[in-house]
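> pasting the structure only:
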Ligand SMILES: NC(=O)c1ccc[n+]([C@@H]2O[C@H](COP(=O)([O-])OP(=O)(O)OC[C@H]3O[C@@H](n4cnc5c(N)ncnc54)[C@H](OP(=O)(O)O)[C@@H]3O)[C@@H](O)[C@H]2O)c1
């Protein structure tokens, strides 16, 4: 917001007046409770970065108040909850986007171009992973009641990437999860999927690993790897690695700020109006629901392995 000229930060909301004050002092905006924020007439849109269990509820409250919504991933904690909030956005004619920033990075357009040019040959498999080291024990990701767990926090990235690259209609064929003995919270997991055209996909996620944020696509002619797929910093120049039988080629791409691109895209959608009838906005909403359907299926099928955690 502060770095995106298409948006103006008007006010910030939070539970603690002291925390809100720190933010307003730093960014020179107004501050209030979240409830009061939604009543302000000088706010067109809200960005919701609460813990996941509160996303559906607060997105719905914001939509009811007539605000466009950019909500952090995951849009909700179940597909049913995602469908409800999507349907509300449609009824109200408001923009509702899930803030998967990586979708805005042009490195994935370069991947799509290599596929379209036939460099990979017929696609056989996709493999995606988002894993990182343990967090502070106080972190919201360790609280089941706040929508914690590795699937909702990290697993959604490779699931969304698989859908981005293989298209709609993915089915979950199996899953496993390492779950904490004390309360069953998933610390990491893996899932196997299949696309309608028969491409196999596997995704891995967790917060008990060294850092990894990558995907690869393997075809009959070559394998393509994106080593920094989900969280490339703004100054990072992505490198795509194409491996053929007797040849390895690297493509170094320009740096891009995916956060600013996400904000700019959202602001443009708000400015354009007509969210209910816009095919692009419909796709954002459908993709958000489809990701949550995959999450539900992984959760339902995951064979748990109990671990100390
Ligand atoms: N797109 C990305 O790259 C990215 C990166 C990081 C996180 N995220 C997403 O952003 C969301 C927040 O993650 P985070 O790491 O930023 O979380 P966080 O800092 O722990 O929480 C964000 C805010 O939520 C409020 N909050 C915390 N616990 C709460 C509770 N029990 N009840 C009500 N409000 C509570 C707090 O605001 P107040 O105390 O001021 O009310 C806090 O500042 C998650 O959905 C996460 O997946 C996305």
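Nice, I can see it. Here the structure is a predicted model, which means the values were calculated and not measured.
> quick check, the residue in the protein closest to the ligand?
Sorted by distance to the ligand under Cβ to the nearest ligand atom, the residues of the chain start with residue 14, at 2.8 Å. C-beta: built from backbone N, CA, C; applies to glycine.
> quick one: contacts for the nearest residue to that residue once chain neighbours are set aside?
Nearest residue to residue 14 in three dimensions, chain neighbours excluded: residue 20, at 4.5 Å (Cβ to Cβ, 6 or more residues apart in numbering). Applying Cβ atoms under 8 Å, 6 or more residues apart in numbering, one finds that residue 20 lies in contact with 12, 13, 14, 31, 32.
> which of those residues count as buried?
12, 13, 14, 31, 32 (16 or more other Cβ atoms under 10 Å).
> which SS class is the fourth one?
Right, residue 31. strand (DSSP: H, G, I helix; E, B strand; the rest coil).
> OK, contacts around the residue of the chain closest to the ligand?
Each residue near residue 14 by Cβ under 8 Å, 6+ apart is listed here: 20, 23, 31, 33, 34.
> count of neighbours near residue 44?
16 (other Cβ atoms under 10 Å).
> try the one 3 residues further on
When neighbours are counted by other Cβ under 10 Å, residue 47 registers 17.
> next one: residue 138
Counted with other Cβ under 10 Å, residues neighbouring residue 138 total 8.
> quick one: classify it as helix, strand or coil.
Following three-state DSSP, residue 138 is assigned to coil.
> can you report phi and psi for it?
Residue 138 has phi and psi values of phi -90, psi -10 when expressed as degrees, to the nearest 10.
> and it, how far from residue 226?
Here residue 138 is placed at a distance of 32 Å from residue 226 (Cβ to Cβ, to the nearest Å).
> ok, now residue 170?
The span separating residue 170 from residue 226 equals 18 Å under the rule Cβ to Cβ.
> who has more neighbours, these two?
Each of residue 170 and residue 226 had its neighbours counted (other Cβ under 10 Å), and the higher figure belongs to residue 226 (25 against 22).
> with adjacent residues omitted, what lies nearest to the more buried one?
Closest residue in space to residue 226, ignoring its immediate chain neighbours: residue 215 at 5.4 Å, by Cβ to Cβ, 6+ apart.
> so which bits of the stretch 51-200 of the chain are right by the ligand?
With the criterion set to Cβ under 6 Å from any ligand atom, the stretch 51-200 of the chain comes near the ligand through 51, 52, 54, 72, 73, 99, 101, 140, 146, 153.
> could you single out the nearest of these to residue 286?
In terms of Cβ to Cβ, no member of those lies closer to residue 286 than residue 73, at 15.4 Å.
> show me the contacts for that closest one.
For residue 73, the contact set (Cβ under 8 Å, 6+ apart) comprises 98, 99, 100, 156, 157, 160.
> now swap in residue 98 and tell me
Residue 98 makes contacts with 71, 72, 73, 74, 75, 284, 287, 288, 291, as judged by Cβ under 8 Å, 6+ apart.
> could you rerun that using 10 Å?
Listed by Cβ atoms under 10 Å, 6 or more residues apart in numbering, the contact partners of residue 98 are 55, 59, 69-76, 82, 85-86, 156, 160, 262, 284-285, 287-289, 291-292.
> now look at stretch 241-258 and say if it contacts the ligand.
No: remark: stretch 241-258 sits outside contact range of the ligand, by Cβ under 6 Å from any ligand atom, the gap being at least 8.6 Å.
> state the mean pLDDT of that stretch.
Averaged across stretch 241-258, pLDDT comes to 97.
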